[in-house]
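Asker: Here's a sequence, model it:
(chains A, B, C and D)
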There are 2 protein chains.
Amino acid sequence: MLRISKLTDYGTLVMTHMAVFPDRQYSANEIATALSLGVPTVSKVLKALTRHGLVTSIRGSRGGYALSRLPEQITIADIVDALEDQPFGLTECSATAGLCNYEDGCLIRTNWQRISQIVRHALEEVRLADMVRRNMPNRKIAAPLQARAIKQPPMVVKRPAQ
Amino acid sequence: MLRISKLTDYGTLVMTHMAVFPDRQYSANEIATALSLGVPTVSKVLKALTRHGLVTSIRGSRGGYALSRLPEQITIADIVDALEDQPFGLTECSATAGLCNYEDGCLIRTNWQRISQIVRHALEEVRLADMVRRNMPNRKIAAPLQARAIKQPPMVVKRPAQ
DNA sequence: CCAAATGGTACTAAATTGGTTCTAATTGGC
DNA sequence: GCCAATTAGAACCAATTTAGTACCATTTGG
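Answerer: Here you go, the predicted model:
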């Protein structure tokens, strides 16, 4: 349906939240609380982001996550790549070769690849730094960074001291 | 997963096939045969395309479908709109308003809307006419216009006289 | 009036996704 | 050295979405 998955959506939320204070370290719990999302879900997202090198994890007690790079150096495309498992491409055949009998000389495939390319560039051009450039006052520490709090069960609010 | 649905994919195939001879009238059966797709599936697609005014149907015996407009005047965005039911937008919240508590002043939403906009423009810029501009000889009538014949059960080949 | 088409609805099965759970591994602090 | 906090990873279940099919109604040319 030409949508990113919810997990990817959460990924942009999480990353954006972290980008407000790029040097800080956040625990999964803290982020989940701030964004009104479930802790396991946020954990899952963070694990994937870690595996793809977008965030760095610190294990053990007092552990957490921190951005691996500056917000200027992380794009939406990076996040999408980390959280969508399938290779990028708007159609199956434009993402993966060898699916189709007529592939050679298939104009449609070529065109979809072109379109996918444009889309990809759009995603590559938006950096995390752009996402936090605020137009409204937002000074509170760990303020819910404009999260979408949808269909999530109310959470145990146990705000960690920070 | 940032893909168009298969139905939409089929839609581009069907429309592209029809665009080779924009004045002709095609039956669902004929198109399905030419593209190695199931007849019911192609029918479903054609019905949706009809409902959205992209093709015109002729009912009754000797009926069929024909493009409503010239291939130069039909874009991929048109086809996507006809076959994806949800409103356009890469995230739920960027497509539909009122989902989120923090909506006002949500930078992330704004940014996703911007990204969606870029994607949409990309789809609007590719016209059906671009899809058939061939770079290889393709002169046979009703030649399978570079279809993807994937995971479809073999069909009863009953080529209609045309 | 019959055959060949499209129109519409509804259903079923399969694939995907979302979210949770459980267990293991790591590490700081008492 | 042990306990608590925290991440790692796999597996699992439920819900949603999608794909494809089936069925019946309607239209129309011969």
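Asker: For the rest of this, base every contact and every neighbour count on C-alpha atoms.
Answerer: Noted.
Asker: Would you map the strands across chain A?
Answerer: According to DSSP state E, chain A carries its strands in the segments A:55-58, A:64-67.
Asker: Touching the last one from outside, list them.
Answerer: Contacts with strand A:64-67, where a contact means C-alpha atoms under 8 Å, 6 or more residues apart in numbering or on different chains, come from A:15, A:18-19, A:22-28, A:46, A:54-58.
Asker: Tell me if that strand is near DNA strand D.
Answerer: Yes: under the criterion of C-alpha under 7 Å from any atom of the strand, DNA strand D is reached by strand A:64-67 at A:64-65.
Asker: I'd like the average pLDDT over that strand.
Answerer: Average pLDDT, strand A:64-67: 98.
Asker: before we move on, what about stretch A:86-99?
Answerer: Averaged over stretch A:86-99, pLDDT sits at 85.
Asker: Is there proximity between it and DNA strand D?
Answerer: No: if you take C-alpha under 7 Å from any atom of the strand as the test, stretch A:86-99 misses DNA strand D, and the best it gets is 9.9 Å.
Asker: Please see if that stretch touches DNA strand C.
Answerer: No: among the residues of stretch A:86-99, none lie within reach of DNA strand C under C-alpha under 7 Å from any atom of the strand; the closest is 7.6 Å away.
Asker: List the contacts of that stretch.
Answerer: Identification of contacts with stretch A:86-99 by C-alpha under 8 Å, 6+ apart yields A:2, A:81, A:100, A:109-110, A:112-113, A:115-117, B:1-5, B:9, B:148, B:150.
Asker: What of stretch A:71-80?
Answerer: Contacts of stretch A:71-80 from elsewhere in the structure, counted by C-alpha under 8 Å, 6+ apart, are A:4, A:8, A:11-12, A:19, A:22, A:49, A:54, A:120, A:123-130.
Asker: Buried ones in stretch A:36-46, by neighbour count?
Answerer: Neighbour-count burial for stretch A:36-46 flags A:36-39, A:42-43, A:45-46 (criterion: 16 or more other C-alpha atoms under 10 Å in any protein chain shown).
Asker: quick one: least confident helix or strand in chain A?
Answerer: Here the helix or strand of chain A ranked lowest by mean pLDDT, DSSP states H and E is helix A:92-95, holding a mean of 86.
Asker: Export stretch A:15-30 to PDB, keeping only CA atoms.
Answerer: The C-alpha atoms that make up stretch A:15-30 are tabulated as PDB, following Å, rounded to 0.1, in the frame of the first residue of the first chain:
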ATOM      1  CA  MET A  15      15.800   8.300  16.100                       C
ATOM      2  CA  THR A  16      14.400  11.700  16.100                       C
ATOM      3  CA  HIS A  17      13.900  11.600  19.800                       C
ATOM      4  CA  MET A  18      17.500  10.700  20.300                       C
ATOM      5  CA  ALA A  19      18.600  13.400  17.900                       C
ATOM      6  CA  VAL A  20      17.500  16.100  20.100                       C
ATOM      7  CA  PHE A  21      20.400  15.500  22.400                       C
ATOM      8  CA  PRO A  22      22.800  13.600  20.100                       C
ATOM      9  CA  ASP A  23      25.400  13.000  22.700                       C
ATOM     10  CA  ARG A  24      23.200  11.600  25.400                       C
ATOM     11  CA  GLN A  25      22.600   7.900  26.000                       C
ATOM     12  CA  TYR A  26      19.000   6.700  26.300                       C
ATOM     13  CA  SER A  27      17.600   3.500  27.700                       C
ATOM     14  CA  ALA A  28      14.900   1.600  25.800                       C
ATOM     15  CA  ASN A  29      12.700   2.200  28.700                       C
ATOM     16  CA  GLU A  30      13.200   5.900  28.700                       C
END
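Asker: For it, which residues meet the burial criterion?
Answerer: Buried positions in stretch A:15-30, judged by neighbour count with 16+ other C-alpha under 10 Å: A:15-20, A:22, A:25-30.
Asker: I'd like those residues written out as TSV, with distance to residue A:73 and pLDDT added.
Answerer: As requested, the buried residues of stretch A:15-30 are arranged in TSV below (distance: C-alpha to C-alpha, whole Å; pLDDT from 0 to 100):
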residue	distance to residue A:73	pLDDT
A:15	12	97
A:16	13	95
A:17	16	95
A:18	14	97
A:19	11	96
A:20	14	94
A:22	11	97
A:25	18	98
A:26	19	98
A:27	22	98
A:28	22	98
A:29	25	97
A:30	24	97
